[in-house]
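A.B. asks: Model the following, please.
(one chain, ligands or ions: 1)
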Amino acid sequence: MKKIKIADGIHMLSMNVEDMLFEGIWEIANGVTLNSYIVKGDKTAIIDGVIGWDGVPETLYKILGEIDVDPKEIDYLIVNHMEPDHSGWIESFKKINDDFTIVCTDKAAKLVTSFYGDEENIRVVKEGDTLNLGKGKKLSFHPVPNVHWPDTMYTYESDTKTLFSCDMYGAFGKMDEHHFDDEMTDEEIEFFEDEGIRYFSNVMGTFAPMVKKAIKKSKELDIDIIAPGHGPIYRQNPQKIMSDYSRFCKYSSGSGKKEITILWGSMYGMTKKAVDFAETVLEREGLKVNSLEMPLESESEMVATVFKSAGVIIAAPTYEYKMFPPVAAAIEELGRKKITNKVAFRFGSYGWSGGAERELKEIIERNRMKWDFVEMVEFEGAPKSEDFNKIEEGILKLLENMKDKTI
Ligand SMILES: Cc1cc2nc3c(=O)[nH]c(=O)nc-3n(C[C@H](O)[C@H](O)[C@H](O)COP(=O)(O)O)c2cc1C
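C.D. replies: Predicted structure coming up:
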């Protein structure tokens with residue numbers, strides 16, 4: 001765990017986490033940070049904690065000592081969001097300090113009690129409530145429900161104009177030496193933008209309508225610094241992460257980069273022959289192609305890659321009268337993440353009956369995904385030259401339809 005000074009009286013405590021599945025599902029190939037914040041006036045508040053994946057709370061208490069904060073003298077725990085990656089240390093904290101007040105929304109208060117037992121000292125806050133810590137440090141609270149649980153809120157510090165945004169404006173990706181946007185190289189900025197896409201699509205995407213409202217709410221505050229619960233701090237250009245998040249909301253509802261993702265699977269290489277052909281057509285047309293072979297690709301990467309692409313090709317054969325299961329499961333997952341309105345094209349091989357196409361339509365319909373497919377191509381066994389012609393036609397039509405979706 002590291003301590004990073006943000007301003008007089010405000011520190012970030014940050015730790016890198018790797019080799020685990022985020023939310024028990026998402027492979028985090030490049031790790032993730034958990035950020036906690038200390039605001040010290042006459043009184044001391046800790047905004048979100050970190051769970052015990054790195055010897056926390058012991059490492060947390062040690063590092064607090066290094067910035068002259070005695071954990072026993074922390075007055076307020078500001079719980080922006082009760083998800084245990086931020087609040088999981090409260091139980092240990094209670095063992096060393098029995099005189100503190102938890103500050104949170106009414107929905108979080110209920111969760112604090114059900115997760116960590118009856119708490120007497122909870123101060124429930126509503127929109128605009130304030131907490132004066134002294135020495136110019138004044139916090140205000142701004143609920144942003146369903147970003148990403150119902151309990152979530154922003155905490156804003158008016159002296160330094162810092163927004164502690166918790167999961168909002170977060171990104172995957174561990175931080176090494178650089179923690180602020182102005183310290184980062186262009187490569188690091190790009191890295192965190194990509195990791196932001198992966199984080200958003202995996203964790204926040206389902207809640208895109210509420211994220212839009214939260215962006216609006218943050219724009220109403222006078223912000224110099226955005227300090228999220230995961231990922232870098234934005235102090236040079238906090239507008240960047242706000243506009244990135246606005247764009248990510250648009251990816252959720254069908255727009256994307258000028259890229260095509262081919263989401264495919266093949267048992268004996270028949271559909272793969274057509275995938276290889278599609279790739280040559282797309283390369284000829286100058287498109288960036290992301291090829292995701294299922295089930296070899298991680299779910300995290302699959303969701304993120306489809307999410308950010310303006311066009312999608314599904315390539316899968318028939319298997320037991322339905323679609324090849326790993327591809328069908330991937331599309332179900334995209335449906336759960338509410339990735340809607342993509343323009344798409346599908347082709348695949350079958351032996352005698354077909355059935356993949358019917359299941360695909362059923363999944364798209366049931367999940368209300370509203371994907372707009374150009375005419376699908378099914379071929380018997382290996383693809384023949386007339387099948388390749390139809391596939392090429394489908395791709396060219398897809399590229400045409402993609403034009404309005406590319407941002
Ligand atoms: C386990 C298994 C189940 C299959 N079920 C069906 C089926 O229900 N209907 C059908 O038309 N073809 C079925 N097939 C045939 C495949 O769709 C066909 O072999 C196709 O060419 C496979 O394409 P691929 O090599 O890209 O996987 C099945 C094949 C396998 C191996």
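
A.B. asks: tell me how far stretch 307-316 is from the chain's mean position?
C.D. replies: Once both centres are worked out by Cα atoms, centre = their mean, to the nearest Å, stretch 307-316 turns out to sit 19 Å from its chain's centre.

A.B. asks: repeat for stretch 123-133
C.D. replies: Worked out by Cα atoms, centre = their mean, stretch 123-133 lies 28 Å from the chain centre.

A.B. asks: and what of stretch 363-382?
C.D. replies: Computed by Cα atoms, centre = their mean, the chain-centroid distance of stretch 363-382 equals 27 Å.

A.B. asks: what's that stretch in contact with?
C.D. replies: Residues external to stretch 363-382 that are found in contact with it (Cβ atoms under 8 Å, 6 or more residues apart in numbering): 270, 273-274, 312, 323, 328, 331-332, 334-336, 339-351, 354, 356-357, 360, 387, 390-391, 394, 397-398, 401. Backbone N, C-alpha and C define where each C-beta goes, glycine included.

A.B. asks: Buried only: go through those for me.
C.D. replies: 270, 273-274, 312, 323, 328, 331, 334-335, 339-340, 342-350, 354, 356-357, 360, 387, 390-391, 394, 398, 401 (16 or more other Cβ atoms under 10 Å).

A.B. asks: Next, check the contacts of stretch 363-382 against the helices and list the overlap.
C.D. replies: Residues from those lying in helices, with DSSP state H as the criterion: 270, 273-274, 328, 331-332, 334-336, 356-357, 360, 387, 390-391, 394, 397-398, 401.

A.B. asks: What is the burial count for residue 255?
C.D. replies: Using other Cβ atoms under 10 Å, residue 255 has 20 other residues around it.

A.B. asks: so it touches residue 407, yeah?
C.D. replies: Yes. Between residue 255 and residue 407 there is a contact under Cβ atoms under 8 Å: 4.7 Å.

A.B. asks: The stretch 151-300 of the chain: strands as residue ranges?
C.D. replies: 153-157, 162-166, 225-228, 257-264, 288-293 (DSSP state E, counting those that start in this stretch).

A.B. asks: average pLDDT for the third one?
C.D. replies: This predicted structure assigns strand 225-228 an average pLDDT of 98.

A.B. asks: How about the residues of the stretch 101-250 of the chain by the ligand?
C.D. replies: Within the stretch 101-250 of the chain, no position lies close to the ligand (Cβ under 6 Å from any ligand atom).

A.B. asks: give me the low-pLDDT residue ranges for the stretch 101-250 of the chain?
C.D. replies: Across the stretch 101-250 of the chain, nothing is flagged by pLDDT under 70.

A.B. asks: At which residues are the helices of it located?
C.D. replies: Here the stretch 101-250 of the chain has its helices, by DSSP state H, counting those that start in this stretch, at 106-116, 186-199, 208-219, 238-252.

A.B. asks: Dump the ones you listed to a markdown table, plus mean neighbour count.
C.D. replies: Below are these laid out as a markdown table (neighbours: other Cβ atoms under 10 Å):
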| stretch | mean neighbour count |
| --- | --- |
| helix 106-116 | 17 |
| helix 186-199 | 18 |
| helix 208-219 | 18 |
| helix 238-252 | 19 |
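
A.B. asks: Residue 97 is nearest to which of those helices?
C.D. replies: helix 106-116 (13.7 Å; Cβ to Cβ).

A.B. asks: and the angle for the closest one with strand 153-157?
C.D. replies: 110 degrees (axes from the mean of the first three to the mean of the last three Cα atoms, to 10 degrees).

A.B. asks: Quick one: residues contacting the closest residue to residue 80 other than its chain neighbours.
C.D. replies: Nearest residue to residue 80, sequence neighbours excluded (Cβ to Cβ, 6 or more residues apart in numbering): residue 166, at 3.8 Å. Shown in contact with residue 166 (Cβ under 8 Å, 6+ apart): 48, 80-81, 86, 152-154, 228-229.

A.B. asks: how about 10 Å then?
C.D. replies: Residues in contact with residue 166 (Cβ atoms under 10 Å, 6 or more residues apart in numbering) are 35, 37, 47-48, 78-81, 83, 86, 144, 147-149, 152-155, 227-230.

A.B. asks: re the thing from before, ok, and which of the ones in helices among the contacts of stretch 363-382 reach the ligand?
C.D. replies: Near the ligand, by the rule Cβ under 6 Å from any ligand atom, you find residue 270 out of the ones in helices among the contacts of stretch 363-382.

A.B. asks: How much space separates the nearest residue to residue 338 once chain neighbours are set aside from residue 251?
C.D. replies: Once flanking residues are discounted, residue 338 sits nearest to residue 206: 5.2 Å by Cβ to Cβ, 6+ apart. Distance of residue 206 to residue 251, given as Cβ to Cβ, to the nearest Å: 13 Å.
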